[in-house]
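Undergrad: Sequence below, structure please.
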Amino acid sequence: MRGPGERAAGSHGLSRFNALDLGLVVRGHGRHYIVEDSDGRRFVCHPRGKKSDAVVGDQVRFAEASADEGVIEAVEPRRNLLFRQDEWKTKSFAANLDQLLVLVAVEPVFSESQLCRALIAAESAGIRAAIALNKTDLPGTDAARERLAPYRAMGLKMFEVALKADREGSRATLGPWLAEQRTFVLGPSGTGKSTLINLLVQDAQAQVGEISQALNSGRHTTTTTQWYWTDDGRTTALIDSPGFQEFGLRQIDAAELWRWMPDLREHADCRFHNCCHIHEPGCGVRAAVEAGRISASRYRIYGEILEELQRKTW
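TA: Predicted structure coming up:
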């Protein structure tokens, strides 16, 4: 499935760009991007022309205009793109990811609908995902575990951490899974994303400060997707993103929604090949819900998203 901007990526052909530098977009704000070259040097770049589809994680071909500035000439083809889409706009998170870490917490209580939506977006983009439950030192942990039980039953990778109360234990828990991967960290405000970044990235604030100074956009540091290297060899990356209130899935075909929910997909042996798993007789999904093999909350959220996707927009 193509994401927004993917058609344009590489559409000019590469021959005319062979002499250009190849760089990684590590941050963007408006029409300005920070692009890192293979030596780790960073340039403030702007796109050639009025519009650019570049996002954090993109590989771009750019021409150096000065010692620390450049011009983006082309975006290389992507292997994936994580994004959300509502009725009015599309918001791209990042491209060329290895995995997604959805960070939730015992407090504040997380939205299962938002969790489902993030996992569906990742599944449809071909990006593996895991969930980390933070603040497990607090009362209410058992209740949070119970809410996450359906995801554990689906075989989804699960972690439990206390990023502030047990820093070393949390680092040991997450470190092996994150090693040598490009991981996008997603989660609502208050779950501990900043704590996670500061725990695993020694010079996180320095990286943010350096980039903000280059873009002259320090006031935007909490509203921009940010790429961090966790090691000097630049083999392991964490990509942080601002919080959000809504997670639209308009990029998903309503008739295909169930395919991106592994628990529904497993039981979709229905009488009708085009079953929408809501009211048709002989529905394997509904039978699995009634038998307790699919959680009622997951099925309810499926119905809500399906109705949303089927709703006509004028």
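Undergrad: need the helix or strand of the protein with the lowest average pLDDT.
TA: helix 204-215 (a mean of 59; mean pLDDT, DSSP states H and E).
Undergrad: Show me the contact partners of the next helix-or-strand element following it.
TA: Next helix or strand after helix 204-215 toward the C-terminus (DSSP states H and E): strand 226-229. By C-beta atoms under 8 Å, 6 or more residues apart in numbering, the residues outside strand 226-229 that reach it are 24-27, 56-57, 94, 197, 201, 204, 207-208, 211, 236-241. Every residue, glycine included, has its C-beta placed from N, CA and C.
Undergrad: where in the stretch 151-300 of the chain is pLDDT low?
TA: For the stretch 151-300 of the chain, applying pLDDT under 70 flags the ranges 205-223.
Undergrad: got it, and the stretch 1-150 of the chain?
TA: 1-19.
Undergrad: those helices in it, which residues are they?
TA: With DSSP state H, counting those that start in this stretch applied, the stretch 1-150 of the chain shows helices at 112-125, 141-153, listed in chain order.
Undergrad: if you compare those, which one is most tucked away?
TA: Among these, ranked by average contacts under mean count of other C-beta atoms under 10 Å, first place goes to helix 112-125 (a mean of 21).
Undergrad: what angle do that one and helix 141-153 make?
TA: 30 degrees (axes from the mean of the first three to the mean of the last three C-alpha atoms, to 10 degrees).
Undergrad: Export the helices of the stretch 1-150 of the chain as a markdown table, with columns for distance to V285.
TA: Formatted as a markdown table, these follow (distance: least, C-beta to C-beta, whole Å):
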| stretch | distance to V285 |
| --- | --- |
| helix 112-125 | 15 |
| helix 141-153 | 14 |
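Undergrad: now for those, which one comes closest to L174?
TA: Among these, helix 141-153 comes nearest to L174, with 16.3 Å by C-beta to C-beta.
Undergrad: and S297, which of the three is it?
TA: Secondary structure state of S297, per DSSP: H, G, I helix; E, B strand; the rest coil, is helix.
Undergrad: other SSEs contacting whichever strand in the chain runs longest?
TA: Counting residues, the longest strand in the chain under DSSP state E turns out to be strand 21-29. For strand 21-29, the packing partners by 3 or more C-beta pairs under 8 Å, 6 or more residues apart in numbering; DSSP states H and E come out as strand 32-36, strand 42-47, strand 59-64, helix 204-215, strand 226-229.
Undergrad: From the chain's centroid, how far away is that strand?
TA: When C-alpha coordinates are averaged (C-alpha atoms, centre = their mean, to the nearest Å), strand 21-29 and its chain have centres 18 Å apart.
Undergrad: Which positions in it come out as buried?
TA: Neighbour counts using 16 or more other C-beta atoms under 10 Å place D21, G23, L24, V25, V26, R27, G28, H29 of strand 21-29 among the buried residues.
Undergrad: Great, nothing more from me.
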